[in-house]
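[1] the sequence and its predicted three-dimensional model are supplied below.
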Amino acid sequence: MTLAASWNRWWVVVGALLIQLSLGAVYIWSVFQTPLQRAFPTWTEPQVTLPAQIVLAAFAVAVILGGRLQDKLGPRKVATAGGLLVGSGLILARFTGQFQSEVALGWLVATFSVMGGLGIGAGYVCPIATCVKWFPDKRGLVTGLAVAGFGAGAFFFAPLARGLISGTPYELLGVRLFPLPALGVFDTFLVLGVVFLVTVVLGAQLLRNPPPGYTPPGRIVSGIVGGAVAREHLSPSEMLRTPAFWLLWLSYLAGCTAGLQVIMKVSPIWQSFALSATRPFSEADFQRVASAGAMAVSMLAIFNSLGRIFWGRVSDSLGRKTTLFLAFTICGLAMLSLEHLRTYSLYLLGICTVGLCFGGFLALYPAVTSDYFGTQHLGANYGWMFTAYGVGGLLGPFLAAALMEPMGSVTYYVTDAQGESVERVLALGNYRRAFWFAGISCLLAGLICLTLRRPALRRI
């Protein structure tokens with residue numbers, strides 16, 4: 001019995017979702033930002049943003065390496081290695097609090113960002129490349145499903161991280177489900193590291209490539225039902241010499257810059273919106289704002305995940321170019337409006353719109369890469385395309401911090417380990433200029449997508 005006959009291809013999707021759900025917890029960084037600033041008061045806004053930037057850059061680099069390796073070794077081995085790396089990185093990040101401020105930042109970057117990012121990248125690319133090979137008949141939809149878990153991870157893990165840090169109950173959509181112990185920010189890294197290591201390694205065991213020439217039963221290709229046909233492909237070096245690749249790369253960069261700018265700053269942006277008054281805030285006041293920030297992370301994660309499925313499915317009907325134009329236009333308009341959406345409901349509307357479109361970019365570009373450059377080298381080819389995500393991961397949070405206009409600070413109170421009320425100071429900022437840069441870039445990217453032409457491919 002052949003592999004195609006004995007293996008239900010939807011099990012690959014199950015493994016992909018399990019892996020991506022855990023890897024997507026990289027998007028919860030904004031929940032850690034304020035607790036880390038409390039632990040290290042000398043850290044500036046750019047310093048506390050640095051681990052978020054580096055983890056995304058390492059993630060993108062590892063997608064190139066992981067893509068090449070999984071093309072040669074198969075997805076199961078590479079995804080398993082990714083799970084071991086990301087879990088170990090977070091477990092080692094637990095020791096950050098044992099160092100002085102400057103050394104602690106370097107340790108956190110080396111463990112959470114570099115080790116974790118390399119593990120995320122190695123694990124991330126394998127489900128995408130594998131699912132596309134099993135589902136040539138549903139390319140847009142299945143890439144959306146394959147990466148949906150990556151967007152949804154923050155929905156489940158942001159409230160878990162916040163609850164473990166502060167000892168507040170685990171909440172989903174405002175509903176308190178069960179109590180959590182107060183572990184603090186560093187032991188929370190440990191718990192998440194163990195969880196991610198186990199789940200990613202388990203999901204990796206469900207990944208396997210289809211046999212050569214696989215075509216789903218009943219699919220008609222060039223008049224052949226269920227048979228193998230000649231395929232068209234470009235190698236990475238050939239792809240990099242085409243104008244289409246660079247136009248796609250620039251547009252992907254714009255979308256990732258906007259999406260990651262919001263995702264990595266969604267909680268502190270809301271804190272700046274909500275705490276713009278100068279009066280002191282009680283601990284209860286601050287906890288309500290922080291809880292709303294964590295809720296915003298979760299809501300954004302839902303739409304990030306839904307966008308991957310929604311836009312992937314739309315692209316199978318409308319075509320990739322039209323779908324990308326629509327997604328970029330909507331995202332650009334949302335970014336340009338975000339500064340004015342200062343009530344909580346409008347803020348959620350704005351960030352969820354950005355999240356919906358950003359999720360679509362993550363689903364559409366693997367499918368576009370496959371459409372334009374073939375599937376034989378998809379792991380490596382998409383790795384190169386995904387470097388736009390890495391640059392966007394550096395640029396988006398950097399712009400949010402560098403273009404932020406300081407707006408002073410507010411005082412609030414927290415209860416320390418001895419039960420005494422302690423005054424804290426939170427710096428506030430205006431992110432308007434960063435929003436405008438990202439919004440205009442997305443509108444231009446939408447126009448770029450309309451000019452795309454598929455390159456001439458060679459048959460093998």
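    Arrived safely.
[2] just for the stretch 201-350 of the chain, where's the confidence low?
    Low-confidence segments of the stretch 201-350 of the chain, defined by pLDDT under 70: 216-232, 276-283.
[3] that one: helices as residue ranges?
    236-239, 243-263, 266-274, 283-318, 320-337, 344-373 (DSSP state H, counting those that start in this stretch).
[4] which one of those lies closest to residue 431?
    Ranking these by their distance to residue 431 (criterion: C-beta to C-beta) puts helix 266-274 first, at 5.8 Å. For every residue, glycine as well, the C-beta is placed using N, CA and C.
[5] the inter-axis angle of that closest one versus helix 344-373?
    Here the directions of helix 266-274 and helix 344-373 differ by 150 degrees (axes from the mean of the first three to the mean of the last three C-alpha atoms, to 10 degrees).
[6] the strands in the stretch 351-460 of the chain, which residues?
    405-415, 421-430, 458-459 (DSSP state E, counting those that start in this stretch).
[7] picking up where we left off before, wait, which of the helices of the stretch 201-350 of the chain is closest to residue 178?
    The closest of the helices of the stretch 201-350 of the chain to residue 178 is helix 283-318. By C-beta to C-beta, the value is 15.9 Å.
[8] elements contacting the closest one?
    helix 29-39, helix 139-166, strand 170-172, helix 243-263, helix 266-274, helix 320-337, helix 344-373, strand 405-415 (3 or more C-beta pairs under 8 Å, 6 or more residues apart in numbering; DSSP states H and E).
[9] as TSV, the ones you listed with distance to residue 236 would be great.
    Shown next, in TSV, are the helices and strands packed on helix 283-318 (distance: least, C-beta to C-beta, whole Å):
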stretch	distance to residue 236
helix 29-39	30
helix 139-166	19
strand 170-172	42
helix 243-263	10
helix 266-274	34
helix 320-337	20
helix 344-373	9
strand 405-415	42
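[10] as TSV, those with distance to residue 57 and mean neighbour count would be great.
    Formatted as TSV, the helices and strands packed on helix 283-318 follow (distance: least, C-beta to C-beta, whole Å; neighbours: other C-beta atoms under 10 Å):
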stretch	distance to residue 57	mean neighbour count
helix 29-39	13	22
helix 139-166	17	26
strand 170-172	31	17
helix 243-263	11	24
helix 266-274	20	25
helix 320-337	22	22
helix 344-373	17	24
strand 405-415	26	14
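[11] and of the ones you listed, who's closest to residue 101?
    Per C-beta to C-beta, nearest to residue 101 of the helices and strands packed on helix 283-318: helix 29-39, 9.1 Å.
[12] what are the contacting residues of the closest one?
    Contacting residues not belonging to helix 29-39 are listed as 43, 48-49, 51-52, 55, 97, 108, 158, 161-162, 165-166, 184-186, 188, 263-268, 271, 290, 293-294, 297, 414, 424, 426 [C-beta atoms under 8 Å, 6 or more residues apart in numbering].
[13] also stretch 380-392?
    With contact meaning C-beta under 8 Å, 6+ apart, stretch 380-392 is reached by 56-61, 63-68, 71, 125, 128-129, 234, 236, 239-240, 245, 248-250, 252-257, 259-260, 362, 365-366, 369-370, 373-374.
[14] then stretch 288-295?
    Against stretch 288-295 from outside (C-beta under 8 Å, 6+ apart): 30-31, 34, 158-159, 162, 166, 168, 171, 173-174, 266-268, 270-271, 274-275, 281, 344.
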